[in-house]
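# Return a 3D structure for these sequence lines:
(one chain, ligands or ions: 1)
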Amino acid sequence: MVSRIAGFFRRNDMDPDCTEARESSSDFLDEDLDESMASRISEHLGRCGPCNSFIQTMKATVALLRATPQEKAPPNFAERLKKRIEED
Ligand SMILES: [Zn+2]
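Model prediction:
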(Lines give C-alpha, C1' and ligand atoms only; values in the text may rest on other atoms or scores of the structure.)
Protein backbone atom coordinates (compact mmCIF):
# COMPACT_ATOMS: atom_id res chain seq x y z
CA MET A 1 0.00 0.00 0.00
CA VAL A 2 2.79 2.39 0.87
CA SER A 3 4.51 1.90 -2.48
CA ARG A 4 1.37 3.17 -4.21
CA ILE A 5 1.74 6.43 -2.32
CA ALA A 6 5.47 6.56 -3.03
CA GLY A 7 4.77 6.46 -6.76
CA PHE A 8 3.20 9.90 -6.60
CA PHE A 9 6.46 11.46 -5.61
CA ARG A 10 8.83 9.87 -8.04
CA ARG A 11 10.85 12.41 -9.95
CA ASN A 12 13.48 12.22 -12.65
CA ASP A 13 15.79 14.97 -11.52
CA MET A 14 16.73 13.65 -8.12
CA ASP A 15 20.04 12.65 -6.65
CA PRO A 16 20.40 8.85 -7.08
CA ASP A 17 20.70 8.51 -3.31
CA CYS A 18 17.43 10.37 -2.90
CA THR A 19 15.77 8.23 -5.53
CA GLU A 20 16.96 5.13 -3.74
CA ALA A 21 15.83 6.42 -0.36
CA ARG A 22 12.40 7.30 -1.67
CA GLU A 23 11.93 4.13 -3.66
CA SER A 24 12.90 2.13 -0.60
CA SER A 25 10.78 4.21 1.75
CA SER A 26 7.85 1.82 1.83
CA ASP A 27 10.06 -1.14 2.65
CA PHE A 28 11.97 1.00 5.10
CA LEU A 29 8.79 1.94 6.95
CA ASP A 30 7.66 -1.66 6.89
CA GLU A 31 11.10 -2.66 8.22
CA ASP A 32 11.38 -4.89 5.23
CA LEU A 33 14.93 -4.00 4.15
CA ASP A 34 18.04 -5.96 4.92
CA GLU A 35 20.33 -4.45 7.51
CA SER A 36 22.86 -2.82 5.20
CA MET A 37 20.17 -1.24 3.06
CA ALA A 38 18.25 -0.03 6.10
CA SER A 39 21.36 1.61 7.51
CA ARG A 40 22.12 3.26 4.16
CA ILE A 41 18.66 4.73 4.10
CA SER A 42 18.87 5.84 7.74
CA GLU A 43 22.21 7.42 7.05
CA HIS A 44 20.82 9.23 4.03
CA LEU A 45 17.83 10.48 6.00
CA GLY A 46 20.22 11.82 8.61
CA ARG A 47 21.87 14.14 6.11
CA CYS A 48 19.08 14.85 3.65
CA GLY A 49 16.32 17.10 4.96
CA PRO A 50 13.88 16.67 2.06
CA CYS A 51 14.07 12.88 2.20
CA ASN A 52 13.76 12.96 5.95
CA SER A 53 10.59 15.03 5.83
CA PHE A 54 9.33 12.83 3.00
CA ILE A 55 9.73 9.75 5.17
CA GLN A 56 8.26 11.44 8.24
CA THR A 57 5.24 12.61 6.29
CA MET A 58 4.75 9.21 4.74
CA LYS A 59 5.12 7.53 8.11
CA ALA A 60 2.51 9.83 9.65
CA THR A 61 0.22 9.28 6.68
CA VAL A 62 0.51 5.53 6.84
CA ALA A 63 -0.16 5.57 10.58
CA LEU A 64 -3.18 7.73 9.98
CA LEU A 65 -4.51 5.51 7.21
CA ARG A 66 -4.00 2.42 9.30
CA ALA A 67 -5.85 4.04 12.18
CA THR A 68 -8.75 5.07 9.97
CA PRO A 69 -11.55 2.59 9.44
CA GLN A 70 -12.13 3.76 5.86
CA GLU A 71 -10.56 1.70 3.13
CA LYS A 72 -9.89 4.57 0.79
CA ALA A 73 -8.21 7.90 1.18
CA PRO A 74 -10.20 10.96 0.13
CA PRO A 75 -10.01 11.62 -3.63
CA ASN A 76 -7.76 14.66 -3.29
CA PHE A 77 -5.62 13.04 -0.66
CA ALA A 78 -2.58 12.41 -2.86
CA GLU A 79 -2.64 15.93 -4.25
CA ARG A 80 -2.83 17.44 -0.80
CA LEU A 81 -0.02 15.28 0.45
CA LYS A 82 2.15 16.11 -2.54
CA LYS A 83 1.53 19.81 -2.10
CA ARG A 84 2.44 19.60 1.54
CA ILE A 85 5.70 17.84 0.77
CA GLU A 86 6.62 20.29 -1.98
CA GLU A 87 6.10 23.19 0.38
CA ASP A 88 8.74 21.92 2.78
ZN1 LIG B 1 17.68 12.62 -0.20
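# Can you name the element that comes right after the lengthiest helix in the chain?
The longest helix of the chain (DSSP state H) is helix 49-67. Sequence order places helix 77-87 as the next helix or strand after helix 49-67, per DSSP states H and E.
# Which neighbouring elements make contact with that next one?
If you count contacts as 3 or more CB pairs under 8 Å, 6 or more residues apart in numbering; DSSP states H and E, helix 77-87 packs onto helix 49-67. Yep, even glycine has a C-beta here, placed from its N, CA and C like the rest.
# near the ion, which residues of the protein?
Listed as neighbours of the ion in the chain under the rule CB under 5 Å from the ion: 18, 48, 51.
# ok, so of those residues, who is nearest residue 69?
Nearest to residue 69, judged by CB to CB, of the residues of the chain next to the ion is residue 51 at 30.8 Å.
# isn't the closest one right up against residue 43?
No: shown here, residue 51 and residue 43 do not form a contact pair, counting by CB atoms under 8 Å, at 10.9 Å.
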